[in-house]
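Novice: the following comprises the amino acid sequence and a computationally predicted model.
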Amino acid sequence: MQLDRLAVELRRRNGFESLDLGFAMLHAWHKPLLRAWCVTYWPVALLVSALLWRYPAVAFVVVWWVKPAFDRILLHVYAAAMFGTLPGVRDVLRALPSLLRRTRLAAGLTTYRLSMARSLFLPVWQLEGQRGAAAAARRRVLGARTYGYAAWLTFFCANLVGIWMVGGLAVIMMFLPREATQWFSMRDVFAWDAEWLVLRHALNLLGFVADTFIEPYFVGAGFSLYLNRRSELEGWDLEVEFRRMTQRYAASATPAVGPAVAPAMAIIALVVGFAVTPMDVHAADASAGRAHGVQAPSRIDALPLPPGLARDQAKAVLDDPVFGRKELRSEWVPRGSDAKRPEWLRAVLRWLRRIADALAEGGRVIVWILGGVVLAIAIVYLVRHRERWLRRRKVRAIPETLFGLDVRPASLPDDIVGAARAHLAAGNPAAALGLLYRGALSALIHFAAVDFHAGDTEGDCWRRASPVLSAGGNDYFRRLLDAWLRTAYAHRPPPRPELESLCDRWMQHFDRSALTPGATA
């Protein structure tokens, strides 16, 4: 990589400075970035909105989900501009098939779609071409000190898009006539019905415009975090500075001598070269060494080196388990020096620390036990009251008879209580109780959506109806069931005042308004 050609200055930056560098990159290259975004993102967004015109919420989710594909186009522009090449529209369209095939787009749309640091890790797949375990190791190294900044960048940009959409919708509603705003509310904007489709698509359009201005910064800031982390790990700034120093030294090493002085210096060099040869210098050094009793050293290039010594030493360094291992440790260190404390105080502190650790471990066990108990209670409650929570909207198998009783609404009179009072006046309590009981079962089936089965007994019916009835309704239904069982099977009807009370309270608990979901009994 030709680091000296980078369009940004390589130096140590913290995370916030890197995010600010992303904004500077966007400001410098906004024209090619916006052109690449508009020729790719906007046609897809408008096409999806047209195909899913009746489902604007689904259209917005689809466009939002495929944004990683357009992030790769933006990163391609950033990477080319980093080395001084600003790609045009034709260059972007020509590179589009390769960007969609060779940048792990499938993983970006599935496994890593909800990753909070996808802007940081996108260059690993697209620019480095890493795959599998190598890519995972690379992500761990890059995200060691940068993941938090990338996650907050994603959180900030997502919320900024939402604020843009809600604020734009508020501005639209401010400019609508007062008569129009009385016809709908904010809840209608997010509903699934077919009304106000144009307004919902206008809201989607606001989101597309927000993505046009925010997504290039999102990708650029993630790219700047990636560059800063790689520069920190691989010393890019030092390498660039060394290259600059080498160029300065090479430029200053050539003396600026005039054309008249150069021939004279060449003649002097030739004379000195012929007068003192390298052999004479060697002999003089050797004779001087023998005169002083010192053996003259041989030439450095004549020293014999064991074959493979450098390779073996490099292999020994690489095989050392310490080499290449990274370990992070964190611990609490007191500010004061422990050596200044007396021994009895250190012993007391160690004892208190052991007690605190034991209490913490016990508290952790208690929390897990309480969590399990709460979860078990919630499961039992949901199973016991499933009829109340699971309102079935699909076509149900509605029984017409239960244990010999006709529960069809057509088989019942319009005024059930009046007909039951007529049976009581005629001295037929069994018919009156049967009519009240049949009416209660029919109301539970058709108004409260209680699913009774063909083989249910009276007790099963009471247990299925209990979750949808209030406390008073549950008590009344239990009394009506007991009276019906005693009258139908034991031929012992309850006293007349109790029968009158059952007739008086029937409408309170089994009228349609009392059993409709959402109404209070």
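Specialist: Noted; the coordinates are in hand. Predicted, not measured: the structure shown is a model, and the values here were computed from it. Numbering: from 1, shown residues only.

Novice: what does stretch 412-430 contact?
Specialist: 431-433, 435-436, 438-439, 442, 487-488, 493-494, 496, 499-500, 503, 506-507 (Cβ atoms under 8 Å, 6 or more residues apart in numbering). C-beta: built from backbone N, CA, C; applies to glycine.

Novice: can I get the buried part of these as one ChimeraX selection?
Specialist: This is the ChimeraX syntax for the buried subset of these, where burial follows 16 or more other Cβ atoms under 10 Å:
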select :431,432,433,435,436,438,439,442,487,488,493,494,499,503,506
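
Novice: mind checking which of the contacts of stretch 412-430 land in helices?
Specialist: 431-433, 435-436, 438-439, 442, 487-488, 496, 499-500, 503, 506-507 (DSSP state H).

Novice: quick one, what contacts residue 505?
Specialist: Taking Cβ under 8 Å, 6+ apart as the test, what residue 505 contacts is residue 476.

Novice: do you know how far residue 467 is from residue 34?
Specialist: For residue 467, the distance to residue 34 equals 58 Å [Cβ to Cβ, to the nearest Å].

Novice: oh, that last question was meant for residue 58, not what I typed.
Specialist: Applying Cβ to Cβ to residue 58 and residue 34 gives a distance of 27 Å.

Novice: neighbour count winner among those two?
Specialist: A direct count of neighbours by other Cβ atoms under 10 Å for residue 58 and residue 34 places residue 34 higher, at 16 against 13.

Novice: for residue 80, phi and psi?
Specialist: Main-chain dihedrals, residue 80, degrees, to the nearest 10: phi -70, psi -40.

Novice: where's the closest residue to it other than its chain neighbours relative to residue 37, distance?
Specialist: Leaving out its chain neighbours, the residue that sits closest to residue 80 by Cβ to Cβ, 6 or more residues apart in numbering is residue 87, at 4.9 Å. Distance, residue 87 to residue 37, by Cβ to Cβ: 13 Å.

Novice: could you pull up the mean pLDDT of stretch 441-460?
Specialist: Stretch 441-460 carries an average pLDDT of 75.

Novice: what's the end-to-end length of that stretch?
Specialist: With Cα to Cα, to the nearest Å as the measure, the first residue of stretch 441-460 is 12 Å from its last.

Novice: which parts of that stretch are buried?
Specialist: With the criterion 16+ other Cβ under 10 Å, stretch 441-460 contains buried residues 441, 442, 443, 444, 445, 447, 448, 449, 450, 452, 456, 458.

Novice: from the chain's centroid, how far away is that stretch?
Specialist: Remark: stretch 441-460 is offset 44 Å from the chain centroid, using Cα atoms, centre = their mean, to the nearest Å.

Novice: repeat that for stretch 418-434.
Specialist: 65 Å.

Novice: list the buried ones in that stretch?
Specialist: 419, 420, 421, 423, 424, 429, 431, 432, 433, 434.

Novice: repeat for stretch 369-379
Specialist: Buried-residue list, stretch 369-379, by 16+ other Cβ under 10 Å: empty.

Novice: please apply the same query to stretch 94-110.
Specialist: 95, 96, 99, 103, 104, 105, 108.

Novice: what does stretch 221-238 give?
Specialist: Result for stretch 221-238 [16+ other Cβ under 10 Å]: buried residues 221-231, 236-237.

Novice: list of residues touching it?
Specialist: For stretch 221-238, using Cβ under 8 Å, 6+ apart, the contacting residues are 3, 8, 10-13, 15, 17-19, 21-23, 25, 75, 78-79, 117-120, 122-124, 141-142, 145-146, 149-150, 153.

Novice: 6 Å - rerun?
Specialist: For stretch 221-238, contacts defined as Cβ atoms under 6 Å, 6 or more residues apart in numbering pick out 3, 10-11, 13, 18-19, 21-22, 78, 119-120, 123, 142, 146, 149-150, 153.

Novice: could you pull out the strands in this protein for me?
Specialist: 401-402, 405-406 (DSSP state E).

Novice: possible to save those strands as JSON lines with mean pLDDT?
Specialist: Formatted as JSON lines, the strands of the chain follow (pLDDT from 0 to 100):
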{"stretch": "strand 401-402", "mean pLDDT": "72"}
{"stretch": "strand 405-406", "mean pLDDT": "72"}
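
Novice: tell me which of those lies nearest to residue 363.
Specialist: Nearest of those to residue 363, taken as Cβ to Cβ: strand 401-402 at 53.0 Å.

Novice: from the chain's centre, how far out does that closest one sit?
Specialist: That offset, for strand 401-402, works out to 52 Å (Cα atoms, centre = their mean).

Novice: give me the contacts around that strand.
Specialist: Contacts of strand 401-402 (Cβ under 6 Å, 6+ apart): 441, 452.

Novice: so what strands line up beside it?
Specialist: strand 405-406 (antiparallel) (DSSP bridges).

Novice: just to revisit the earlier point, now, which of the buried residues of stretch 94-110 sits nearest residue 356?
Specialist: Distances from residue 356 to those, taken by Cβ to Cβ, are shortest for residue 108, at 45.9 Å.

Novice: sorry, back to before: what subset of the contacts of stretch 221-238 is buried?
Specialist: Applying 16+ other Cβ under 10 Å to these flags 10, 13, 18-19, 21-22, 78, 119-120, 123, 142, 146, 149-150, 153 as buried.

Novice: so which of those residues belong to helices?
Specialist: 18, 19, 21, 22, 78, 119, 120, 123, 142, 149, 150, 153.

Novice: make TSV out of those and add distance to residue 401.
Specialist: Output for these, formatted as TSV (distance: Cβ to Cβ, whole Å):
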residue	distance to residue 401
18	74
19	71
21	77
22	72
78	73
119	65
120	67
123	70
142	70
149	69
150	65
153	65
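
Novice: of the residues you listed, closest to residue 250?
Specialist: Nearest to residue 250, judged by Cβ to Cβ, of these is residue 21 at 31.0 Å.

Novice: how close does the nearest residue to residue 63 once chain neighbours are set aside sit to residue 211?
Specialist: Closest residue to residue 63 apart from its sequence neighbours, by Cβ to Cβ, 6+ apart: residue 45 at 4.9 Å. Distance, residue 45 to residue 211, using Cβ to Cβ: 8 Å.

Novice: now do the contacts for the residue nearest the centre of the chain.
Specialist: In the chain, the C-alpha nearest the mean C-alpha coordinate belongs to residue 114, at 3.7 Å (Cα atoms, centre = their mean). With contact set as Cβ under 6 Å, 6+ apart, residue 114 has no partners.
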